[in-house]
Structure formats: structure tokens, C-alpha cells
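Visitor: next one to model:
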Amino acid sequence: MAWFKKTSLLALSLAMIVVLASCAAEEPEPVVDDEDPIGTVTVMGVWGGGEIEAFEDVVAGWETDTGGTMEFEGTRDLSAILRARVAGGNPPDLAILPNPALLADFAQTDDLLALDDVLDMSQIENDYGDAWIDLGTVDGDLYGLFIKAATKSTVWHSPKNFDEAGYEIPETWDELMALSDQMLTDGVAPWSIGIESGGATGWPATDWIAEILLAESGPDVYDQWVDHEIPWTDPAIKSAFEKFGQAALTEGYVPGGADAILSINFEDASYLPFEDPPQAHMYFLGAFTQGFIEAQFPDLVPEEDYDFFKFPYIDPAYEGAVTGGADVVVMFNDTPSARSLVNYLATADAWIPWAEAGGYSSPNRSLDLSVYPDPLSAKAAEQLTESEIFRFGAGDMMPSEVQNAFWTGVVNYLQDSDRLDAILEEIEAVAVEAYAQ
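Guide: Purely as a prediction, here's the structure:
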């Protein structure tokens, strides 16, 4: 009997061990998340002050959704500092560049990560026009996502004054010049132009010339000009200067003539069409002009008292072409956190906080225009998203020595237009040396 009890207890113990072992074997394995957690993403750009604050509001949505954080380093000497960081093997995860020329430099030295496998390209193609995708593409791969833009193709005027005088919005250069003649006949100067800007005096006139060249000769010639594949003495460039001269130097077209153009600050010049009575009817400069007008004339109503129309085309083949500026995000470090933030920035809704706050236009056509704070901001954004031809302001894409020579050249042209050939030769001499470096 004792033997039986011992045997039974032994059997029971063995059975329990087998059962426990079986239960342990059948217990499900814990679920392990193989994905790396989202951490800190470092971003470098030229933005400062209110722009950084607005961008932080944009990124706050990503931080809330993912638990990640963004650290932004702003610097006005972006090109030099970024190049030094890259050379030292310590680039930021992302950088926000002010033009595609810098993007191309880093892409061609294999410092950037192509975004084709990072972003949903079918969504990108749905959200962005070909012009924006092409600008971010180098050797067939997408390296840059444009996230903020500004149009320069805006001619400011008073709709109320236009209506009272019976003026219609011109669509072509010839119509624009005919309208200018009619305004002069009616007793009010057609144009207000001012190019004084301290050490950068002349740049507003270079925006005129860039706009005219794109509208007349098209994007291919424009690119050749920017890249110095054609000389400054090329007929297309000379024609752009001369057409600018039609507006700036025709007697009576600008109050005070060339002397006033050279001495009046570009911001002050924006006021003339909106004074009572108006001292001129039209003013050409980028969409940021709205801020000048609002600050000077806070009681004026957008669309009623001030508005803009698209700079007219010259060659119908380039109707709708737009010049401007834009900021583009690129990726230096391939991390899950950087990938996550880039994908977030590619969505239209991410930018709603900045669009609602003002001072922002998106090249993403999926961002609802109703989120902009006023109709003119929405109209400027629509000009960017609808354009099939977009080019950066030419001066901003050129070596600094050439840009400075361009500024000086337009000043010299306004002082003595008969010297145009010599002036273009002078700029060309600077360009030959600068592009050879």
C-alpha cells in the first residue's frame, strides 16, 4: 500500500509537471514592436522670429501624434554653415533650403537622401504640379519637397479706381502698354516704381526683368540665363531690359521719372496707387506687398480698395508663367524620425495653422484655399498652385557677384539707357569670372 501511494504521488507529480510545461508552451508570446520609436529631429533653415514660431505650430501636430520632438536651428548664413556641417559629418537630419540651386549642389555630391522611397509619390503627384516636382528633382530622383512659396507675379492696383475710370485688367503686354498710355492721357501716371533698398538698391527692377524674360522667352531661355549658358548680351536679355524701360522710362509713366525711381524706397513706392487721389495706378512687386498696403492704409478693404492681377504674358506659349521664391525641405540623415516628419510635412493639413495665421502660401494644391485669412492670400496661393511654369527670381539663383552686378546694371540703365549694350557687357564680364570658379 505504501508502494502504491508513493507510485501514485510520483505519477501525479509527473503529470502536473507535464501539464504545467504544456501550459507554459502554449502561452502566447508577447507582442514586440520592431519599429524604432520616434525621437528628436534636427532641422536647419534660414527662418527666424515669427517664421520659426509659425513652423513650430505646424510641427506641433506631428509631435502630438508621434511623441517626437523637433529642434530648429535658424541661421542667415545657411549655405556656409550647412556645408561645414556636412563636410564634418554632422549634418542636421533635415534642412529647409531657400532655393533649388543649393538642393542640386548637395544632391550631386550624394549628401542627400532621395525622397522617392520616403514619400508616397502617387500622393505627391496628386498634390503638387509638375513644376514643383521638377524643381525638386535632380537626375531623375526627387530630393526636395517644397513647403512654402511666394509669388512675385503680382501687379497691384485699386479696383475702385479702375472701375471709376473704366479700365479693364490687361492680359497681354501690349494691352498693358495700351492701358498705360490711356492712363497717361487721362492725367494719372500709370506706374509707381521705386528701387531704393540700401546696399541692395536695384533688386526690385531685377524682378521686373526676370518676370519679363520668363513671359517673353520662356523657361528654357530663363534657365540658360540663370546658369550662364547664354551671355548677358543675348538678345532675349536685352529685350527684357528694354521692355522694363518701356514702363520705367517712358516720359510721364512714373511720377518723377528715373530720378524718383532711383531714390524712392520700394516699400514707399507701393503707396502711390492707394493715396487719395492716386498718384499712380499700378505697382509691380511680389505678394508680400499686401503687408505694406495694409500697414499704411489699415482702413482699406482687400479686393475692393486694393487687389492684384497676374503680370501679363508676352508670348502666348508662356501664359500663366510665374516667378517667385520658395523653401524646400531636404533629408540628410535617414532615420525613422526624419522620415516620419517629412511625410507629415508633405500633407496639406499640416500647414493649416500657418496658412490661417497669414504670411504663408503653399505650393500644395490640396490645401483648401478657404483656410487662408483673406481672399488675396488665397488668390496668391492659387496663382502658385495653378501655374504650370514656375521659376525662382533669377538674381537669387545667381552667384552673389553676378547678383550685385545685376543690381548695379539696372541702376546704370535707369541713369543712362543709351549705354545698355555696354552695361550688359559689364555684367557679362563679372559672370564669366564668377561662373568659372
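Visitor: okay, domains of this structure per the record?
Guide: 40-151+325-392, 154-319+398-436 (automatic domain parsing).
Visitor: what's the span of the shortest one from first residue to last?
Guide: Put plainly, it is domain 40-151+325-392. Terminal residues of domain 40-151+325-392 lie 32 Å apart, using Cα to Cα, to the nearest Å.
Visitor: any idea how far the host helix or strand of residue 218 is from the chain center?
Guide: Assigning secondary structure by DSSP states H and E places residue 218 in helix 203-226. Distance of helix 203-226 from the chain centroid (Cα atoms, centre = their mean, to the nearest Å) equals 17 Å.
Visitor: got the buried residues for whichever helix or strand comes after that helix?
Guide: Per DSSP H and E, the first helix or strand lying C-terminal to helix 203-226 is helix 235-249. For helix 235-249, a neighbour-count test (16 or more other Cβ atoms under 10 Å) marks 236-237, 239-241, 243-245, 247-249 as buried. No exception for glycine: its C-beta is placed from N, CA and C like everyone else's.
Visitor: before we move on, what about stretch 84-101?
Guide: Buried residues in stretch 84-101, counted by 16+ other Cβ under 10 Å: 85-86, 91-101.
Visitor: looking at the residues you listed, which is nearest residue 318?
Guide: Each of the buried residues of stretch 84-101 was checked against residue 318 using Cβ to Cβ; the closest is residue 100, at 19.6 Å.
Visitor: touching, the closest one and residue 136? I think so.
Guide: Yes: with contacts counted by Cβ atoms under 8 Å, residue 100 reaches residue 136, the gap being 6.9 Å.
Visitor: got any residues that touch both of the two?
Guide: 144, 328 (Cβ atoms under 8 Å, 6 or more residues apart in numbering).
Visitor: ok, back up a step: same list (the domains of the chain) but as JSON lines, adding mean pLDDT.
Guide: Output for the domains of the chain, formatted as JSON lines (pLDDT from 0 to 100):
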{"stretch": "domain 40-151+325-392", "mean pLDDT": "96"}
{"stretch": "domain 154-319+398-436", "mean pLDDT": "98"}
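Visitor: returning to that earlier point: so which pair among the buried residues of stretch 84-101 is furthest apart in space?
Guide: 93 and 101 (21.7 Å).
Visitor: residues in contact with residue 318?
Guide: 214-219, 389.
Visitor: ok so, going back, is it possible to get JSON lines of the buried residues of stretch 84-101 that adds distance to residue 421?
Guide: Shown next, in JSON lines, are the buried residues of stretch 84-101 (distance: Cβ to Cβ, whole Å):
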{"residue": "85", "distance to residue 421": "44"}
{"residue": "86", "distance to residue 421": "42"}
{"residue": "91", "distance to residue 421": "46"}
{"residue": "92", "distance to residue 421": "46"}
{"residue": "93", "distance to residue 421": "50"}
{"residue": "94", "distance to residue 421": "46"}
{"residue": "95", "distance to residue 421": "42"}
{"residue": "96", "distance to residue 421": "41"}
{"residue": "97", "distance to residue 421": "36"}
{"residue": "98", "distance to residue 421": "33"}
{"residue": "99", "distance to residue 421": "30"}
{"residue": "100", "distance to residue 421": "32"}
{"residue": "101", "distance to residue 421": "29"}
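Visitor: just the ones of the residues you listed in strands?
Guide: Residues of the buried residues of stretch 84-101 located in strands (DSSP state E): 94-97.
Visitor: is residue 155 part of a helix or strand, or is it coil?
Guide: strand (DSSP: H, G, I helix; E, B strand; the rest coil).
Visitor: I figured it hits residue 284, correct?
Guide: Yes: proximity of residue 155 to residue 284 meets the contact threshold set by Cβ under 8 Å, at 5.1 Å.
Visitor: and the two? Which one has more around it.
Guide: residue 284 (25 against 22; other Cβ atoms under 10 Å).
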